[in-house]
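Visitor: mind looking at a prediction? Sequence and model below.
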Amino acid sequence: MRYGPSTALDGVDLTVRAGERVAVVGASGAGKSTLLAVANGTVAASSGSVRVLGADPAALRGRELRRLRARVGTVHQHLQLVGPLRVVHNVNAGRLGSWSGPRAAWSLLHPQGVAEVAEALDRVGLAGRLHERTDRLSGGQQQRVALARLLVQRPELVLADEPASALDPALADTALTLLAGLAGERGGALLACLHDPALALRHCDRVVGLVGGRVVLDAPAGTLTVAGLESFFGVHR
Amino acid sequence: MLRPARDRARLLCGLGAGALLLWSLAGSGVLGGPVLNPAGVGQLTRFAAGALHPDLSGELLGVLARATLVTVAYAVLGAGLAVALGALGAVAAARTTWGRRRAGWVAVRGALAVPRGLHEAVWGLLLVGVLGLDPWVGVLAIGVPYGAVTARVFADLLDEAPHGGYEALRAAGAGAGVAVLYGLVPEASGGMLSYAFYRLECAVRSAVVLGLIGAGGLGQELALSFTSLRWEQVWSAVYALAALCLLADVAGRAVRRRVAAPPPRATGRRDPVLTGAVLATAALALWSAWFLALRPATLVDGRTLDQLGTLLRAAWPPAGDGPLLSEIAVRAVETVQMSVLAIAVAVAGSLVLAGVAARAPRGTGAVRWAAGAAVRAGLLLLRAVPAPVWALVFVFVLLPGPLPGALALGVHTLGVLGRLSAEAVEELDPRPVAALTALGAAPLGRWLYGVLPGVARPATAFALYRWEVALRDTVLVGLLGAGGLGVLLSARLAAFDWPAVATVLAATVLLTLAVDLVGARVRAVLR
């Protein structure tokens, strides 16, 4: 996987099976975000092959590609919510992969599926914030709006890039439980980039470590310790 | 669901805008009775066919080249005069100058609103009454109203500049004027330079419009070809206009970008490119004065002053009779309705086109790129051709009345608004849209949820600002017969009924001021 002259991912051979919960760890710039972008099909691999939910995103076009993407849910590192939209619309955006154009347009005037949105917001602890403008919420609240968007999208494969970076420890645990549960509900997998080794070991059953775009660690969570992972990052807290 | 007060204010603004639009539609006659003139379709087809066969004979190209030089000369001198007047006026209009004496500040601001409230073409017609057919008419017609706007903007720039240096100089005993020169002007100079070049861009379009009322240049050639129904020549002039407009847009934008983000190497020293641009413009101004044979003495000779005195005496006191006032009221309503329709057309069009007109990120397909280039070229053409000329085109297929005028203003404004909205789209954070792509949203969904919410706010602010401009342009279109206060003004001017002219002008200024205030209020609510 190359971006111009620099190589972001190199010789990665990774298979994630249904039902697995995989934590991806590594320092900044190790290629974690690129790995997720390849997995959700927004970035095409410059060499090698990629299969997502049994299909090759690079081989699909138009409607077929959108249908595959609708089955993959991503929580982004920089949230990537639409600031001036109200919370209800940002959550409903999770359904744009399955909604028709006119329905999406109508929903902006008369929000559709409000009960489901309200329930999702309730599950992430944002009950009653339905009609607030998203950019008026705090960073942690916005992160939970992004989670709620994923809850209404109901994807099979869940990709999460630092989903808990702006949350306090208790909320971080809730968020990861939600994500793992979401993937499990539809028999899919969770692939999460995490900074906190303890969180990774508590919620995932497999840990993959990246250094300079290469996989240097791939082991069941049970065989690892928090201290061992910390030395992997080279940070001591 | 409980909504906060701010939301309620926005809802009210939205409802108000909807009601205004319906009222304007009703006034234009679209809702009742026929507006189409099917007999004109043939003429429109012949006109459109001319686009593919512009007249490229050497003779016409020579005429157009000379006309272009005339237009450029008026634009450069007009903008130059505006910047000079603006720099002087800025000190008088700055809050810093007046300090706590608010009354003086309000008075100066109010006085500046008067020249600004009249269209350049109206200034041109009034100045012809004083100066006769002198090249000063074109220069002053651009320089005076532009000078008032520039003074206001320069004053705001001075007020917003950091005041530390100025305060220190004042504390050390420097006079106010010197302290402004040494302490504030250096801080605000970048913004002022940027704005001066923006004014030059606008002046090119105004110089074209002045040609329509007889000041010479490209506008006049266009009008001549149009009235003699030579469509091939019309299109040659239109393409010349578009090229000139493109040149002004690109050069002006290049200078403004350079001011906003100077190359790192040039910090601490004068940027050679900017210095070159300023010197070249100054040289161009000198050449323009020679080319137009501008004589400073004309402004102060006895005949001019005599004429001015006669005119002012004739216009005072302004007429206040009942029939005139009621006609003014009717025409004012028509003017507002036309401007509302124009803005509605422009906003609707720019919302549809902004996404396509925005330069696509790298790696998009050839079809998308070609569509973008075509829409951008179309928008350029729309704004390069003055609104009165579009009105003549619409009159082919629409019955005469306010509607063709409003549509003409609408498509002209669409050219401006579409470009501004496309730039707003280009400046959007691409990540939220990328996230929507990643979850499988279709193009319409991406646009509705990712792009529209981000550009709605800046687009509305631009639209409100352009509404003020459109109102003044309505008077221009009216001068050439489309309806509104302009019709009344041109009739009274033709009859040399100066007291009535004075009243109509006062009404126009008041109307512009009112729209200005409403626009500012709504912008504040939306912010």
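Guide: Now that the structure is in, tell me what you want to look at.
Visitor: now do the contacts for the residue of chain B positioned farthest from its centre.
Guide: Of all residues in chain B, B:Ala172 has its C-alpha farthest from the mean position, at 43.1 Å, by CA atoms, centre = their mean. Applying CB atoms under 8 Å, 6 or more residues apart in numbering or on different chains to B:Ala172 gives no contacts. In this view, the C-beta of every residue, glycine as well, is placed from N, C-alpha and C.
Visitor: quick check: it vs chain A, distance?
Guide: Note on B:Ala172: its distance to chain A, by CB to the nearest CB, to the nearest Å, is 45 Å.
Visitor: tell me the pLDDT at that residue?
Guide: With respect to pLDDT, B:Ala172 scores 80.
Visitor: where does the prediction get shaky in chain A?
Guide: A:1-8, A:77-79, A:231-237 (pLDDT under 70).
Visitor: what does it put close to chain B?
Guide: For chain A, the residues in contact with chain B (CB under 8 Å from any CB of the partner chain) are A:40-42, A:65-74, A:76, A:78, A:80-85, A:89, A:93-94, A:96-99, A:101, A:104-105, A:108, A:130-131, A:149, A:153, A:155.
Visitor: take those and keep only those in strands.
Guide: Members of the residues of chain A next to chain B lying in strands (criterion: DSSP state E): A:Val72, A:Gly73, A:Thr74.
Visitor: flag every buried residue along stretch A:15-33.
Guide: Within stretch A:15-33, the residues scored as buried using 16 or more other CB atoms under 10 Å in any protein chain shown are A:Val16, A:Arg21, A:Val22, A:Ala23, A:Val24, A:Val25, A:Gly26, A:Ala30, A:Gly31, A:Lys32, A:Ser33.
Visitor: ok, now which ones touch B:Leu210?
Guide: B:Leu210 neighbours (CB under 8 Å, 6+ apart): B:Tyr74, B:Glu120, B:Ala121, B:Gly124, B:Gly138, B:Ala141, B:Ile142, B:Gly217, B:Gly219.
Visitor: so what's the second one up against?
Guide: Meaning B:Glu120. With CB under 8 Å, 6+ apart, B:Glu120 has these contacts: B:Ala141, B:Ile142, B:Pro145, B:Tyr146, B:Ser206, B:Val209, B:Leu210.
Visitor: Serialize the residues you listed to a markdown table and add fields for distance to B:Gly440.
Guide: Output for the contacts of B:Glu120, formatted as a markdown table (distance: CB to CB, whole Å):
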| residue | distance to B:Gly440 |
| --- | --- |
| B:Ala141 | 57 |
| B:Ile142 | 53 |
| B:Pro145 | 53 |
| B:Tyr146 | 51 |
| B:Ser206 | 49 |
| B:Val209 | 49 |
| B:Leu210 | 54 |
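Visitor: can those go into TSV with extra columns for secondary structure?
Guide: Below are the contacts of B:Glu120 laid out as TSV (DSSP: H, G, I helix; E, B strand; the rest coil):
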residue	secondary structure
B:Ala141	helix
B:Ile142	helix
B:Pro145	helix
B:Tyr146	helix
B:Ser206	helix
B:Val209	helix
B:Leu210	helix
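Visitor: filter those residues to the buried ones?
Guide: Applying 16+ other CB under 10 Å to those flags B:Ala141, B:Ile142, B:Pro145, B:Tyr146, B:Ser206, B:Val209, B:Leu210 as buried.
Visitor: which residue does chain A bring closest to chain B?
Guide: A:Gly97 (2.8 Å; CB to the nearest CB).
Visitor: burial of A:Asp122, as a residue count?
Guide: 13 (other CB atoms under 10 Å in any protein chain shown).
Visitor: quick check, nearest of the contacts of B:Leu210 to chain A?
Guide: Closest to chain A, out of all of the contacts of B:Leu210 and judged by CB to the nearest CB, is B:Glu120, at 36.6 Å.
Visitor: which pLDDT value goes with the closest one?
Guide: 89.
Visitor: I'd say B:Arg331 and B:Val487 touch.
Guide: Yes - the pair B:Arg331 and B:Val487 passes the contact test of CB atoms under 8 Å, sitting 6.8 Å apart.
Visitor: name the residues contacting each of those two.
Guide: B:Gly478.
Visitor: which residues touch the spatially most central residue of chain B?
Guide: Closest residue to the average C-alpha location of chain B: B:Val469 at 5.6 Å, with CA atoms, centre = their mean. Applying CB under 8 Å, 6+ apart, we find B:Val469 in contact with B:Thr413.
Visitor: residue 119 - how many residues pack around it?
Guide: You didn't say which chain, so I picked chain A. When neighbours are counted by other CB under 10 Å, A:Glu119 comes out with 14.
Visitor: wrong chain, I was asking about chain B
Guide: 26.
Visitor: tell me how far it lies from chain A.
Guide: B:His119 is 35 Å from chain A, by CB to the nearest CB.
Visitor: and if you look at B:Ala240?
Guide: 41 Å.
Visitor: contact partners for that residue?
Guide: B:Leu64, B:Ala67, B:Thr68, B:Leu218.
Visitor: and if you look at A:Asn40?
Guide: Neighbours of A:Asn40 in contact, by CB under 8 Å, 6+ apart: A:Val52, A:Arg69, A:Val72, A:Thr74, A:Leu159, B:Ala438.
Visitor: please apply the same query to B:Gly29.
Guide: Here B:Gly29 is in contact with B:Val35, B:Gly401, B:Pro402, B:Leu403 (CB under 8 Å, 6+ apart).
Visitor: among those, which one has the most neighbours?
Guide: Most surrounded of the contacts of B:Gly29: other CB under 10 Å gives B:Leu403, at 25 neighbours.
Visitor: could you measure from B:Leu169 over to B:Tyr239?
Guide: B:Leu169 sits 53 Å away from B:Tyr239, going by CB to CB, to the nearest Å.
Visitor: show me which of the two is the more surrounded one.
Guide: B:Leu169 (19 against 16).
Visitor: which SS class is that one?
Guide: helix.
Visitor: how far away is the residue lying closest to B:Leu526 once chain neighbours are set aside from chain A?
Guide: Closest residue to B:Leu526 apart from its sequence neighbours, by CB to CB, 6 or more residues apart in numbering or on different chains: B:Thr460 at 5.8 Å. B:Thr460 sits 12 Å away from chain A, going by CB to the nearest CB.
Visitor: next, count neighbours for B:Thr460.
Guide: For B:Thr460, using other CB under 10 Å, the count is 16.
Visitor: quick one: which helix or strand includes it?
Guide: helix B:452-479 (DSSP states H and E).
Visitor: need the next SSE after that helix, C-terminal direction.
Guide: helix B:485-494.
Visitor: contact partners for B:Val395?
Guide: B:Gly40, B:Pro404.
Visitor: at 10 Å what do you get?
Guide: B:Asn37, B:Gly40, B:Gln43, B:Leu44, B:Gly401, B:Leu403, B:Pro404, B:Gly405, B:Ala408, B:Gly481, B:Ala482 (CB atoms under 10 Å, 6 or more residues apart in numbering or on different chains).
Visitor: same question, B:Leu181
Guide: B:Val91, B:Tyr166, B:Leu169, B:Ala174, B:Gly175.
Visitor: per-residue pLDDT, B:Val63?
Guide: Reported pLDDT for B:Val63: 91.
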